[in-house]
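Student: model this:
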Amino acid sequence: MPTKRTTVLFVDDDPGFLDAIQNLMRAYSDGQWEVLVSPEAAGALALIREQKIDLLVIDVHMPVMDGLQFLALLHRKYPQILKVALTGDATEPYRAACLSNGAELFLEKPASREGWQNLYSALNELIKLQPEEGFQGMLRRVGLQDVLQMECLARSSSVLEVSTPNVQGTIFVVDGQIIHAQAGDVNGEEAFNYLMSLGGGQFHLKPFVEPPARTISGSWEFLLMEAARKRDEASDPLTTSPFPSVEQAAAETAAETLVAPTPSAPTQYAVESLPASASESVAESETLPAVDEEGMAVPAPEPVEVLRPKIDEMLICSTQGDVLYEWQCADVNARIRFLQFLSQKSWQLRQGLPTGHFERLEIEGMKHRIVTQIEPDRALFVRASRLPVES
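Tutor: Numbering: from 1, shown residues only. Sure, this is the predicted structure:
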């Protein structure tokens, strides 16, 4: 069975260097390397478009487009290609710049036969580290979230095929952004969340192909966090939604319940009944002026203003940001962004602190109160004013 050949492309503006390195690398590899050369970046890009390149070795100093610019371009457009910077000017600033622009190695051009052999050995070891396309993994050991996070951080373009005995699914990633997911007949974020909830199966990472449609546009960080939140909450048997309906009457009743004063609210916002004996004592004290230890009269306290809540605006939206019910919201998109931000940060907080499931945030003011509630399938935003109770 023939052994698969490795394709290595050297880019350098010195024709003599390219002739030498092409002959030497072929000899050192015993014909296992297909060695291509190009004197400029434009020619190298043409070769990359025509065939699969396993390793790209770039000279740092070149005219028109130097090695640093070329590395940055390749890192954005072809992140899956292994890249090595090769230069006669091996200074620390150049090394740091090349590595930060996607180079796996920063090597100095050889000046001896031993140096050429060492160069081949270093490049050959780097090629051995490259994983084969279409690798398989056990979801019990490596989660889909881990694989997708690595693909997105590397700004890769790929297709992740997921399979279990009961379902086949696909997630499409282009330039580090998740753009489409499908599982059976389901597409978009619903399919993505379903695939991310799987606890076992197989996955294959394949080269990118254009999906039948682009159904996902959100950031990959939010998609992964939201999928993790849904998976966690789905595993909690106590998680139920207090908003089973988004009919107007049900929504208003739920909102009024949320903004009503709680037992822990300040006493000036709640009216409490007093026992009969206490009421009599209060009545008697109103007829007698209060005095201090020296017998001086003490001014009577200001009467406490009793306030009642009045709903000013209300919004109920799905976890995808679709409006389910809205009333008098001045800026619906701002409220949705706030709820999504809150959901993200609460998930991050739970990763470091044993706080349990986040459900509710209350913001109290003297005249206003804001209540938000995050549920597995929807979120609620209510803003209410505090008005004096008419006597």
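
Student: contacts for stretch 177-191?
Tutor: Here stretch 177-191 makes contact (Cβ atoms under 8 Å, 6 or more residues apart in numbering) with 148, 152, 162, 167-173, 192, 194-195, 211-220, 223, 320. In short, each C-beta sits where N, CA and C put it, glycine included.

Student: Please apply the same query to stretch 47-58.
Tutor: So stretch 47-58 is contacted by 6-12, 36, 38, 44, 67, 70-71, 74, 78, 81-86, 103, 123, 126-127, 130 (Cβ under 8 Å, 6+ apart).

Student: same deal with stretch 89-99?
Tutor: V60, H61, G67, L68, L71, A85, T87, F106, L107, E108.

Student: Try it again at 6 Å.
Tutor: V60, L68, A85, F106, E108 (Cβ atoms under 6 Å, 6 or more residues apart in numbering).

Student: What is the nearest of the residues you listed to A330?
Tutor: L68 (48.9 Å; Cβ to Cβ).

Student: and that closest one, what does it touch?
Tutor: A97 are the contacts of L68 under Cβ under 6 Å, 6+ apart.

Student: phi, psi of it?
Tutor: Dihedral pair for L68: phi -70, psi -40, per degrees, to the nearest 10.

Student: how about low-confidence regions in the stretch 251-391 of the chain?
Tutor: Within the stretch 251-391 of the chain, the stretches with pLDDT under 70 are 251-309, 319-320, 344, 346-358, 388-391.

Student: in a strand, that's where E34 is, yeah?
Tutor: Yes - the assignment for E34 is a strand, going by DSSP: H, G, I helix; E, B strand; the rest coil.

Student: Give me the packing partners of the host helix or strand of I171, helices and strands only.
Tutor: Taking DSSP states H and E as the criterion, I171 maps to strand 168-174. If you count contacts as 3 or more Cβ pairs under 6 Å, 6 or more residues apart in numbering; DSSP states H and E, strand 168-174 packs onto strand 158-163, strand 177-183.

Student: just the CA coordinates of the last one, formatted as CSV?
Tutor: Right, strand 177-183. Output of strand 177-183 as CSV, limited to C-alpha atoms (Å, rounded to 0.1, in the frame of the first residue of the first chain):
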residue,chain,number,x,y,z
GLN,A,177,-18.2,31.5,13.7
ILE,A,178,-21.0,28.9,14.0
ILE,A,179,-23.3,29.6,11.0
HIS,A,180,-25.6,26.5,10.8
ALA,A,181,-26.7,23.4,12.6
GLN,A,182,-29.0,20.6,11.6
ALA,A,183,-30.2,17.5,13.4
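
Student: List the pairing partners of that strand within its sheet, with orientation.
Tutor: Counting by DSSP bridges, the strands paired with strand 177-183 are strand 168-174 (antiparallel), strand 186-187 (antiparallel).

Student: returning to what we had before: just name the most buried of the helices and strands packed on strand 168-174.
Tutor: strand 177-183 (a mean of 21; mean count of other Cβ atoms under 10 Å).

Student: now that one: mean pLDDT?
Tutor: For strand 177-183, the mean per-residue pLDDT is 93.

Student: Could you tell me the angle between it and strand 158-163?
Tutor: On the basis of axes from the mean of the first three to the mean of the last three Cα atoms, to 10 degrees, strand 177-183 is oriented at 20 degrees to strand 158-163.

Student: hmm, back to that, looking at the contacts of stretch 89-99, point me to the pair that's furthest apart.
Tutor: L68 and E108, at 16.2 Å, using Cβ to Cβ across the contacts of stretch 89-99.

Student: Mind jotting down where the helices sit in this protein?
Tutor: Applying DSSP state H to the chain gives helices spanning 15-28, 41-50, 67-77, 92-100, 113-128, 144-153, 188-196, 220-234, 248-259, 276-287, 332-352.
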